[in-house]
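# Make a model of this:
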Amino acid sequence: MVKFITANSKAENIRKRDFKNALSDMADQLRLMDQKITVAADNSIEQEFQSHQQELYHSIYTLNKLQQNPQLKRKELVHNRFIPDQADKRLS
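Below you'll find the predicted structure:
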């Protein structure tokens, strides 16, 4: 009976150790996933910030050009295909 209890407790200790190791491995994997998500979010935020900052600098540049010479044509200031050269006449 003593040998049976000893073998049973050894098996229990092995299961506890295996569980502990598996739990530690899962915690490490979770930490790595969290780090990847954090880095991806930081990169996305940085990229959006740079894009908005570039738009702001372009707007400031355009405003400064307008203040220097208000007679400049709109086409010379902004090269954008969505801005028409002249306003279209209404047919109605």
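# What's the separation between His58 and Asn64?
11 Å (CB to CB, to the nearest Å). C-beta here means a position set from N, CA and C on the backbone, and glycine is covered the same way.
# Please apply the same query to Leu23.
With CB to CB as the criterion, Leu23 and Asn64 are 61 Å apart.
# try Tyr57
Using CB to CB, we find Tyr57 at a distance of 11 Å from Asn64.
# same deal with Ala11?
Taken as CB to CB, the span from Ala11 to Asn64 is 79 Å.
# Now the helix or strand encompassing Phe49: average pLDDT?
Using DSSP states H and E, Phe49 sits in helix 2-68. The average pLDDT within helix 2-68 is 89.
# Mind giving me the packing neighbours of that helix?
Judged by 3 or more CB pairs under 8 Å, 6 or more residues apart in numbering; DSSP states H and E, the packing partners of helix 2-68 are helix 74-77.
# burial of Thr38, as a residue count?
Look at Thr38: counted by other CB atoms under 10 Å, it has 10 neighbours.
# Then Thr62?
Per other CB under 10 Å, the neighbour tally for Thr62 reads 14.
# again with Ala27
Ala27 has 10 neighbouring residues, counting by other CB under 10 Å.
# And for Leu66?
Neighbourhood size, Leu66 [other CB under 10 Å]: 13.
# What is the neighbour count of Gln68?
Neighbouring residues of Gln68 were enumerated by other CB under 10 Å; the total is 8.
# Tell me the spacing between it and Ala11.
When Gln68 is compared with Ala11 (using CB to CB), they lie 85 Å apart.
# Equivalent analysis for Asn69, please.
Distance from Asn69 to Ala11, by CB to CB: 88 Å.
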